[in-house]
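Okay, sequence plus prediction incoming.
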Amino acid sequence: MSRSTPASAPPPDASRRRILTLAWPIILSNITVPLLGLVDTAVVGHLPDSRYLAAVTLGATLFSFLYWGFGFLRMGTTGLTSQAVGRENDTDVRNLLGQSLLLAAGIGAALILLSRPLITLGLWLLDGSEVATALAAEYAEIRILSAPAVLANYAILGWFLGQQNSRVTLAILVLTNGVNIVLDLVFVVGLGMTSDGVAWATVIADYTALTFGLWLVSRQLRWLSGRFLRSRLLALAAYGELFSVNANLFVRTLGLLFAMAFFTSRGAAQGDTVLAANAVLLQFIMLTSYALDGFAHAAEALTGRSVGARRWKEFAQAVRGAAWFSLVTAGLASLAFALGGEVLIALLTGLPEVRETAASYLPWMVAMPLLAVWSYLLDGVFIGATAIREMRNSIFAGLAVYLPAWWLGQTLLPEALTNHGLWLAFTLFTLVRSATLIAYYRQRRRSDWRDRPGPLAAK
């Protein structure tokens with residue numbers, strides 16, 4: 001279809017099928033992540049000394065936060081690439097990949113150069129035992145070597161998702177985690193290594209995934225017209241849009257990390273049982289996110305393409321389709337937690353006191369998916385539209401309610417209800433985020449994201 005020809009939105013059923021086609025590989029790939037964690041735990045957990053398991057836990061936690069902080073390389077690349085696809089500008093599609101890979105390489109190299117102070121600070125904040133921290137530092141000094149590969153893989157995944165190819169995500173993550181699991185067994189069980197073996201397995205798996213990802217990229221480039229431009233790749237001024245999008249995503253992610261870390265630390269201050277119970281319940285939120293993220297990522301690709309092509313009917317239909325799947329998923333999750341929450345808790349922990357404590361907070365889990373669903377969905381929409389300031393502001397609005405609500409709960413509630421106060425504050429953080437994004441979405445639909453009257457109306 002030529003760009004001068006008005007485009008009608010696809011039928012609703014076709015739009016929903018496209019969303020489902022994009023979402024299911026992402027959902028399946030998300031499921032591989034906890035599987036790897038289980039294998040790491042099982043392999044190291046059977047070593048004769050528990051300090052190795054503690055070291056891997058500390059080190060893995062450190063890198064989860066560190067690498068998640070640079071997740072903007074995936075999100076920003078998806079939004080900008082999907083818009084370039086909508087404009088049918090293959091030169092932009094090519095150069096966005098090149099820019100993102102160069103940025104990933106630069107950040108990865110900087111992380112390696114600054115690894116010693118970063119690891120020291122991170123492990124100090126995690127506050128493990130002296131022996132476990134020493135082993136975790138050894139683990140981290142190996143794991144940090146994969147930083148360029150991890151960040152480049154983020155860029156590659158974002159680039160493919162921006163082109164509505166989510167199956168690459170599944171292929172790369174299955175390969176990464178498969179190689180990691182096999183090497184865990186070879187290094188730890190076969191060769192007698194300890195936490196260092198787990199670290200080397202991850203590094204090799206990350207570079208294996210990068211090699212595979214670059215091969216897939218080379219195949220995809222054959223289908224794209226246009227060319228790489230030296231002026232776009234080597235001139236700092238050409239990175240303005242990418243830097244702007246990624247900087248706001250980085251700030252937004254730091255705010256989200258702070259909210260999660262604050263929740264964990266305030267739970268820990270109430271004792272080990274409450275800390276463990278909260279950790280179990282956070283797994284409920286993670287389980288929900290595995291599915292909701294799939295539909296949010298589908299929304300990123302579809303809405304980004306619609307924004308690039310200025311096809312607002314198609315944009316609205318993509319949002320409605322993703323919302324339909326997201327709401328159904330959230331409703332099913334709430335129902336499952338209401339009916340089978342105690343069974344799920346029992347699967348996650350065998351400690352009676354932790355089970356009993358976690359069960360007392362189940363009502364918060366029943367409410368959470370229905371409140372959080374809008375933040376997942378609209379994050380995807382705003383990433384696709386590269387309206388990142390709104391996402392950043394929703395985090396600030398949430399924190400502005402979250403922290404005072406927590407303080408009031410600690411001040412006014414009796415000690416027995418203190419953790420309920422913490423969950424209330426966290427729930428309000430989620431609710432305010434969702435409400436802020438909804439308000440921004442409605443405002444942008446009335447102003448920018450709609451057809452204009454006249455002969456130059458957007459498609």
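That came through, no problem. Numbering: from 1, shown residues only.

all contacts plus neighbour counts: C-alpha atoms, from now on.
Noted.

Got the phi and psi for Gly271?
Gly271 adopts backbone torsions of phi 110, psi 160, taken as degrees, to the nearest 10.

and the gap between it and Glu141?
As defined by CA to CA, to the nearest Å, Gly271 lies at a distance of 31 Å from Glu141.

With neighbour numbers in mind, choose between the two.
Neighbours were tallied for Gly271 and for Glu141 using other CA atoms under 10 Å; the higher tally belongs to Glu141 (16 against 10).

Thought Ser115 was touching that one, still the case?
Yes: between Glu141 and Ser115 there is a contact under CA atoms under 8 Å: 7.2 Å.

need the contact list for Gly319.
To be clear, residue 319 is Val; Gly isn't right here. 299, 303, 381 (CA atoms under 8 Å, 6 or more residues apart in numbering).

between these, which is closest to Leu339?
The closest of these to Leu339 turns out to be Ala299 (CA to CA; 30.0 Å).

other SSEs contacting the host helix or strand of that closest one?
If you go by DSSP states H and E, Ala299 is part of helix 272-309. Contacts defined by 3 or more CA pairs under 8 Å, 6 or more residues apart in numbering; DSSP states H and E place helix 272-309 against helix 12-45, helix 72-86, helix 147-162, helix 240-268, helix 312-348, helix 352-359, helix 362-384.

closest one to Gly108 among these?
When the helices and strands packed on helix 272-309 are compared (using CA to CA), the closest one is helix 147-162, at 4.0 Å.

what angle sits between that closest one and helix 362-384?
On the basis of axes from the mean of the first three to the mean of the last three CA atoms, to 10 degrees, helix 147-162 is oriented at 80 degrees to helix 362-384.

helices or strands up against helix 147-162?
Helix 147-162 packs on helix 72-86, helix 90-113, helix 167-184, helix 195-221, helix 272-309, going by 3+ CA pairs under 8 Å, 6+ apart.

Buried deepest among those helices, which one?
helix 72-86 (a mean of 29; mean count of other CA atoms under 10 Å).

Against which helices or strands is that one packed?
Using 3+ CA pairs under 8 Å, 6+ apart: helix 72-86 touches helix 90-113, helix 147-162, helix 240-268, helix 272-309, helix 362-384.

possible to save those helices as TSV with mean pLDDT and distance to Arg445?
Output for those, formatted as TSV (pLDDT from 0 to 100; distance: least, CA to CA, whole Å):
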stretch	mean pLDDT	distance to Arg445
helix 90-113	95	26
helix 147-162	94	22
helix 240-268	88	20
helix 272-309	88	12
helix 362-384	95	12
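
So for His420, which of the ones you listed sits nearest?
Per CA to CA, nearest to His420 of the helices and strands packed on helix 72-86: helix 362-384, 8.7 Å.

Report the distance from whichever helix or strand comes after that closest one to the chain centre.
Next helix or strand after helix 362-384 toward the C-terminus (DSSP H and E): helix 388-412. Distance, stretch centre to chain centre, for helix 388-412: 20 Å (CA atoms, centre = their mean, to the nearest Å).

Pull out the buried residues from helix 388-412.
For helix 388-412, the neighbour count (16 or more other CA atoms under 10 Å) marks 388-396, 398-399, 401-403, 405-406, 409-410 as buried.

same question, stretch 223-235
In stretch 223-235, counting by 16+ other CA under 10 Å, buried: 228, 232-233.

before we move on, what about stretch 336-345?
Quick answer for stretch 336-345 (16+ other CA under 10 Å): 337-338, 341-342, 344-345.

could I get those residues as CSV with distance to Leu121?
Formatted as CSV, these follow (distance: CA to CA, whole Å):
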residue, distance to Leu121
Phe337, 37
Ala338, 40
Gly341, 37
Glu342, 38
Leu344, 35
Ile345, 33
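
Could you find which two of those residues are furthest from each other?
Every pair of the buried residues of stretch 336-345 checked by CA to CA; the farthest is Ala338 and Ile345, at 11.9 Å.

got the buried residues for stretch 54-63?
Buried, per 16+ other CA under 10 Å, within stretch 54-63: 54-60, 62-63.

helix or strand right after the strand or helix carrying Leu121?
Assessed by DSSP H and E, Leu121 sits inside helix 115-126. Next along the chain after helix 115-126, taking DSSP H and E as the criterion, comes helix 130-143.

Would you mind measuring from Gln288 to Ala330?
Rather than Gln, residue 288 is Thr. Taken as CA to CA, the span from Thr288 to Ala330 is 7 Å.

And Ala152, by the same measure?
32 Å.

ok, the two, which is more surrounded?
Neighbour count, other CA under 10 Å: between Ala152 and Ala330, Ala152 has more, with 30 against 24.

Gly106 is in contact with the more buried one, correct?
No: using CA under 8 Å, Ala152 is not in contact with Gly106, being 10.0 Å away.

how about stretch 123-140: buried residues?
Under the neighbour-count rule (16+ other CA under 10 Å), stretch 123-140 has 123, 128, 132-140 buried.

thinking again about what came up before, closest to Thr211 out of the helices and strands packed on helix 72-86?
helix 147-162 (9.0 Å).

Give me the angle between the closest one and helix 167-184.
Using the same axes, to 10 degrees: helix 147-162 against helix 167-184 is 150 degrees.

Give me the angle between helix 147-162 and helix 72-86.
30 degrees.

Tell me how far stretch 163-173 lies from the chain's centre.
Distance, centroid of stretch 163-173 to centroid of chain: 15 Å (CA atoms, centre = their mean).

typo on my end, stretch 139-149
That offset, for stretch 139-149, works out to 20 Å (CA atoms, centre = their mean).

now for the helices and strands packed on helix 72-86, which one comes closest to Gly213?
Taking these one by one with CA to CA, helix 147-162 is closest: 6.7 Å.

okay, the angle between that closest one and helix 195-221?
40 degrees.

List the buried residues in helix 147-162.
147-162.

Could you give the number of residues near Gln443?
So Gln443, with other CA under 10 Å, has 12 neighbours.

can you pull the contacts of the closest residue to Gln83 other than its chain neighbours?
Nearest non-adjacent residue to Gln83, counting by CA to CA, 6 or more residues apart in numbering: Gly308, 3.9 Å away. Residues near Gly308 by CA under 8 Å, 6+ apart: 82-87.
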